[in-house]
Structures are given as C-alpha cells and as structure tokens.
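Chemist: Can you look at this prediction? I've put the sequence above it.
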Amino acid sequence: MPQEILFEILARLPVKSLLKFRCVCKYWKTLISTPDFINAHLERTSMKSTHDRLLIQTRERRMDRKCLSLFCADTFAKFSEIELPMIKIESYFRVVVGSYNGVVCLYDSDFETYLWNPSIRKFKRLPQVLNDRRGQLARFAISFGFHPEGDDYKVVRILTFEHRYMIEVEVYSHRLESWRRINAVPPNSHELYIQGEGTCVNGVVYWVIKESFPSCNSILSFDLGNEIFQTVRLSDSLLRAIGDPRRFPVSIRVFEKSLSLFHERREGNGRYCDIWVLEMGSWKLFHTILLPARGCIAWPVGFASNGQVHIVMSSRKSRSKTLVLYDLKSQRVKDSKIKLHAYRPGGYIDYFRESLVLLD
C-alpha cells in the first residue's frame, strides 16, 4: 500500500486504535509519533464533531485520583473514569484550568502547573514559575490556550500583588519549554477583577472582567501570538440589557469558533438567558432561552453539535447543581442525572476530544 494512502487511513482512526497500531511495526510507530501525523490527525478529527464528549469532575474529594469522568454529550452515558496521575503524595490537584486539542492544563495545591493528555497518558510538569510569592498575592488568574499559527500551547498567569496592586504577567510556551515574564499588562489593571479561567478562541484568550469605576462588566483579551492585552467593549445595547452585573452576571463561551456571551435576566415572572455572539466586531443577539421555573443558570457549558446547549442549572432551594441539555427549538430540557459540585471553583466541566498531542 502506498505510504500516502496509509497515512490518510490512519489519520482518520480514533486515538485508541492508533495506540494499538503502534505495536504493528517500527514504521507505524514512528509514523504515528511524528508531528506531521499528529497535526493531520487533529485536522481530520476537527472536521467531525468536537462537542460529542464531556469531561466532568464528578467527585467532591479532590484527593481522589478518579475524580474525572468522560461522558457522551448527547446521551450522558459514561465512557470511562479517568485516573489523574500523582506526582507528589502530599499534594492534590486543585483546579483543571482548561483543555484544548485533548491537552488538559491543571495546577495543584502547591501552585505547580501541569499539561496532561489523558488519551495517551502523557503527563508533563512545567518548570517552576518565575514568581512564587504566594503570600503577597491579592488576586491570581490563570488560563490555557493554543496559538494555531505558532503551533504552540501556552499558559498565562496574571498576578496581582497587595503592594500597590502591582501586576505581573507570566507566559509559558510549550515550544520553548519555559516561562517568560512579559511587559504587557491589562488596561486599567488596578481597577479590574478577572473572573474565571478564561476561554480560548482562535488563538486569543478572553476573560470576563469586573471594573470598579464604573461598576460594569467587560471582556479582557490576550493574543497568544503577539502577547498583547486589549479590552473588548460591550455595545451600549448589550450593557443596557445586562444592567447591574452584581445581580445578573455574564459568562463567555465558544460558539462555532466565535466568542459568545450568556446573560441571565428577569422579565415579569419569567427568567431568561440571552445568548449574544460576537461577529465581525459586533455583538448580535443569537437566541433567548426561557429558563425552567425550578432553577437558574449556574454557568453555561457551551453549544452541542446538534444545535442544543449544555447548561448547569442551580436549585433555588439547595446548593446542588445539575447538568441539562436545552433544545433551542422545542425548549425542552433533558436532565443528565449527573451529580456536580456545589461550587464551580471546586469542579470542572467542558467539551473534550481525544488527540495524540504531547506524544512526541
């Protein structure tokens, strides 16, 4: 069989099969491990649905190494439990920062950072960060993303110190295998509060930020290529719709490779969630969800491949959280019956796809 045809056939197979096929012969093992093949496999799988699986932290105890599970995004059937690697017995994984192309970024109770591909069981502890003055930190934000043009996975740390609210930004590059301190800092950095771990879209990381003066929400962006911060201002109509950010917070996610914003609001006796999408630099109202009477949105997960939306709902009477699948057309809600954490910072849920990244 010609090598080109063999390449195309193998590049369309699932990761589990490719890991087995590495044992067929030395040539196949070498081929499957090359960067060209890994990138080609990523490209082929991206043509299929990238939102057909959910990676969920299902156990409250973070010392439990089997606290992550992989579910079908449509039926909610459990594929497998994923065992976290353990480097140090005395530490535990505090936060799953995010995942991209099958690579998961975590940091532990000692604030050490890791990259991990559970599909191929490859695990990498990143070098020591440049600034480890944890006792002087006032605020801390971390995010993970991928720069497609540079073919580079990056981790961004934004540190705010108590002394005069000094800001430092550190960036880890997987290609360079090192941390760097950069000169760029967020605009009006002494007046803002970064919420969440951020969302990466097309090589740019976005965070929802709360500004003190005036008291409002906006969006901070960081380009992983040129490593420059910018503020994405919300339109006047969107700001009016959002109203008081303390009563009705906003969340950002990815919609078909575009940035989207979820905003919950009240109107009369009903509760609604407006979904806005950023298109060509302009915010457009995409859809409005009528929320079930029994609860409110704790946080959105994102858009499924079939035009539905995964949402974590919060009970008004208890702290319990439930993952549901909302059909935009029929307005029907499908309960996953999956038990989630009471608080989002202690848990994780997002779409996941298997890959061979970090195999080299």
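Modeler: Structure received. Bear in mind the structure is a predicted one, so any value in this text is a computation, not a measurement.

Chemist: quick one: residue 43 is in a helix?
Modeler: Yes - assessed by DSSP: H, G, I helix; E, B strand; the rest coil, residue 43 belongs to a helix.

Chemist: sec struct for residue 240, please.
Modeler: Look at residue 240: counting by three-state DSSP, its state is helix.

Chemist: How many residues are close by it?
Modeler: Summarising burial for residue 240: neighbours were counted as other Cβ atoms under 10 Å, giving 9. Heads up, the C-betas are built off the backbone N, CA and C, glycines and all.

Chemist: where along the protein do the helices fall?
Modeler: For the chain, the helices identified by DSSP state H occupy 3-11, 15-21, 26-32, 35-47, 236-242, in order along the chain.

Chemist: Can you dump the C-alpha atoms of the second one in CSV for me?
Modeler: The C-alpha trace of helix 15-21 is given here as CSV (Å, rounded to 0.1, in the frame of the first residue of the first chain):
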residue,chain,number,x,y,z
VAL,A,15,-6.7,7.5,19.3
LYS,A,16,-7.4,4.2,21.0
SER,A,17,-6.8,2.3,17.7
LEU,A,18,-3.7,4.2,16.8
LEU,A,19,-2.1,3.5,20.2
LYS,A,20,-2.6,-0.2,19.5
PHE,A,21,-1.3,0.1,15.9
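
Chemist: quick one: buried residues of it?
Modeler: Neighbour-count burial for helix 15-21, counted by 16 or more other Cβ atoms under 10 Å, picks out 15, 18.

Chemist: Any idea which of the helices of the chain gets closest to residue 123?
Modeler: Taking Cβ to Cβ as the criterion, helix 15-21 is the member of the helices of the chain that comes nearest to residue 123, at 15.4 Å.

Chemist: List of residues touching the closest one?
Modeler: Under the criterion Cβ atoms under 8 Å, 6 or more residues apart in numbering, residues 10, 13, 28, 32, 41, 102, 119-120, 354-356 lie in contact with helix 15-21.

Chemist: Export the helices of the chain to TSV and append columns for distance to residue 83.
Modeler: Compiled in TSV, those are given as follows (distance: least, Cβ to Cβ, whole Å):
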stretch	distance to residue 83
helix 3-11	27
helix 15-21	16
helix 26-32	23
helix 35-47	23
helix 236-242	41
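
Chemist: looking at these, which one has the lowest mean pLDDT?
Modeler: The minimum mean pLDDT among the helices of the chain belongs to helix 236-242 (a mean of 71).

Chemist: In CSV, list the C-alpha atoms belonging to that helix.
Modeler: What follows is helix 236-242, C-alpha atoms only, in CSV (Å, rounded to 0.1, in the frame of the first residue of the first chain):
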residue,chain,number,x,y,z
ASP,A,236,-24.4,50.2,24.6
SER,A,237,-27.5,48.0,23.9
LEU,A,238,-25.7,45.0,25.5
LEU,A,239,-24.7,47.0,28.5
ARG,A,240,-28.3,48.2,29.0
ALA,A,241,-29.6,44.6,28.6
ILE,A,242,-27.1,43.3,31.2
